[in-house]
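A.B. asks: could you look at this predicted model? Sequence included:
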Amino acid sequence: MTREIHHFIDGRSFIGTAERQGDVFNPSTGEVQARVGFATPDEVDRAVAGARTGQAAWAAMNPQRRARVLFRFKDLVEQEMDSLAALLSSEHGKVIADAKGDLIRGLEVIEFACGVPHLMKGEYTESAGSGIDVYSMRQPLGVVAGISPFNFPAMIPMWFMGMAIATGNALVLKPSERDPSVPVRLAELWMEAGLPEGVLQVVHGDKEAVDALLHHDDIKAVSFVGSSDIAHYIARTCTEQGKRFQAMGGAKNHGIIMPDADMDQVVKDFLGAAYGSAGERCMALPVAVPVGEDTAEEFVTRIKAEAESLQVGVSNDPNAHYGPVVTSTHKARIESYIQMGVDEGADLLLDGRGFSLQGHENGFFIGPTLFDRVKPEMKSYQEEIFGPVLQVVRASNLEEAAALPSQHQYGNGVAIFTRSGLAAREFAAKVNVGMVGINVPIPVPVAYHSFGGWKRSAFTDTNQYGTEGIRFFTKIKTVTQRWPSGDIGDQAFVIPTMQ
Ligand code: NAD
């Protein structure tokens, strides 16, 4: 019998009506391994109501005690690392090492959030006026929603969990319906760690469940990560509904290779950043921009030879560099972009279509694909492919190279490979992109900085996690106080003026 995946409401598994369901595949075999029931608006309402009840007491608990729950949660995830990684890998298709990376990067945000007693401290000004002190405090918003994509089923839910829960909110998580099991297991571990019932609810579903959250009066803020069109929709709807939001979208990150770059390192970095996790990373590096013909010739020759020898395998094969993509639909979409590149006149040097793994002929595999002489006017360059496809766009100088990411519709990440500090410094300062790597191919900021792209990669003013995350999930209250003593008639209240 096919396994059923249920919601997690008020501290326990909740079996909904599941009028509509989604298939959860094993991408390595192509088989349906589980079904996930989608929440109806009534079920979403029930989750939000439970969250409201749980939130008040949680917010009243002192932040140090809340932090202790986070410490315990982190320990429990570490203890269960192997089984969580296996579960994640079996639904997503990424290899075990990448699945562990997914969990570990999420845990780093939990670690950061353990500092919440310090992070939530307000400011204080003594004697802002005669006998008047001013102080501010950060208070939780109430019940908030987190909506996550398929490609990091542990890390991104943990971004929301760490920031929203530590700050005293209750979180209703709507994870991706394509790999929903790990978020549910994480919710169970939160309970074991001592989180009160209702503070973390998990509801599954698609647009219907998301819309129910977006239109719910008790949802005070929405943190979304996914593709750009949906991110834009979230931003518009939350604006209409008067809700706070942050909505991260898609990406098309460029890696600029200067003639003085360390080519051994560059080739190694591109192999991991373009093909790792089958290219299903919003911080992947799917566009290489070698500067100068000699740089381009050397890069293309060497990356082709190395990419050809990458091992594609089932997700639990320890020797595989990357596994299958998430669904057959996504596989077909990536293949259609490869055909588009061919039709647009780019040079297809490696074609990953038709890749078949013996014994796993129905798995959703795509071999490493490499295009050279891709042009900025090609649609296959302008759009996000989100697969193991590297496109080389040749540039004749740094100015021309830097204009590509700056003018692209997406602005998530970018990297420059060079030995020149000056070139790197100027590039970092001027490029119109939110996250920059200098000789670092996937510049995902550490947990105590913050994550966020520009342009169509993020419809928001507030980044994910770090102190930006604390700001997003809290509101500031400012108190101006005076404690009169004795004869207050002589000390008339005076509001400070410019005089
Ligand atoms: P997606 O946009 O299809 O789904 C994201 C979430 O939105 C899921 O929970 C899904 O159920 C929900 N959703 C889907 N259609 C919806 C609709 N019509 N209305 C309301 N909600 C809807 O994204 P995905 O395919 O799961 O993830 C891959 C995408 O996410 C890529 O574009 C990738 O670049 C992006 N991504 C961005 C970041 C970032 O931080 N910028 C990080 C990871 C992934």
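C.D. replies: Yep, that arrived.
A.B. asks: can I assume Glu208 is in contact with Thr40?
C.D. replies: Yes - counting by C-beta atoms under 8 Å, Glu208 does reach Thr40; the two are 7.4 Å apart. Yep, even glycine has a C-beta here, placed from its N, CA and C like the rest.
A.B. asks: who's more crowded, the two?
C.D. replies: Neighbours per residue, other C-beta atoms under 10 Å: of Glu208 and Thr40, the larger number sits with Thr40, 19 against 14.
A.B. asks: on the pLDDT front, check that one for me.
C.D. replies: The model reports Thr40 with a pLDDT of 97.
A.B. asks: repeat for Gln499
C.D. replies: Note for Gln499: predicted pLDDT of 55.
A.B. asks: can you pull the contacts of the residue of the stretch 251-400 of the chain found nearest the ligand?
C.D. replies: Using C-beta to the nearest ligand atom, Cys282 is the residue of the stretch 251-400 of the chain that sits closest to the ligand, at 3.3 Å. Applying C-beta atoms under 8 Å, 6 or more residues apart in numbering to Cys282 gives the contacts Pro149, Asn151, Val225, Met248, Gly250, Ala251, Asn412, Gly413, Gly453, Ser457.
A.B. asks: from the residues you listed, which two are the most distant?
C.D. replies: Pro149 and Gly413 (15.8 Å; C-beta to C-beta).
A.B. asks: looking at these two, which one has more neighbours?
C.D. replies: Gly413 (31 against 22).
A.B. asks: contacting residues for that one?
C.D. replies: With the criterion set at C-beta under 8 Å, 6+ apart, Gly413 makes contact with 251, 253, 282-283, 285, 433-437, 442-444, 453.
A.B. asks: reformat the residues you listed into TSV and put pLDDT and secondary structure next to each item.
C.D. replies: Formatted as TSV, those follow (pLDDT from 0 to 100; DSSP: H, G, I helix; E, B strand; the rest coil):
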residue	pLDDT	secondary structure
Ala251	98	coil
Asn253	98	coil
Cys282	97	coil
Met283	97	coil
Leu285	98	coil
Val433	98	coil
Gly434	98	coil
Met435	98	strand
Val436	98	strand
Gly437	98	strand
Ile442	92	coil
Pro443	95	coil
Val444	96	coil
Gly453	98	coil
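A.B. asks: contact residues of the chain facing the ligand?
C.D. replies: Within the chain, the positions lying close to the ligand (C-beta under 6 Å from any ligand atom) are 147-152, 174, 176-177, 206-207, 210, 225-227, 230, 233, 248-251, 282, 384, 386, 412, 453, 457.
A.B. asks: quick one: which of these sit in helices?
C.D. replies: The helices in this structure, assigned by DSSP state H, contain Lys207, Val210, Ile230, Tyr233 from these.
A.B. asks: ok so, going back, list buried residues within the contacts of Gly413.
C.D. replies: 251, 253, 282-283, 285, 433-437, 442-444, 453 (16 or more other C-beta atoms under 10 Å).
A.B. asks: pLDDT weak spots in the stretch 351-499 of the chain?
C.D. replies: Within the stretch 351-499 of the chain, the ranges that satisfy pLDDT under 70 run 486-499.
A.B. asks: can you give me the helices for it?
C.D. replies: 379-382, 398-407, 421-430, 466-472 (DSSP state H, counting those that start in this stretch).
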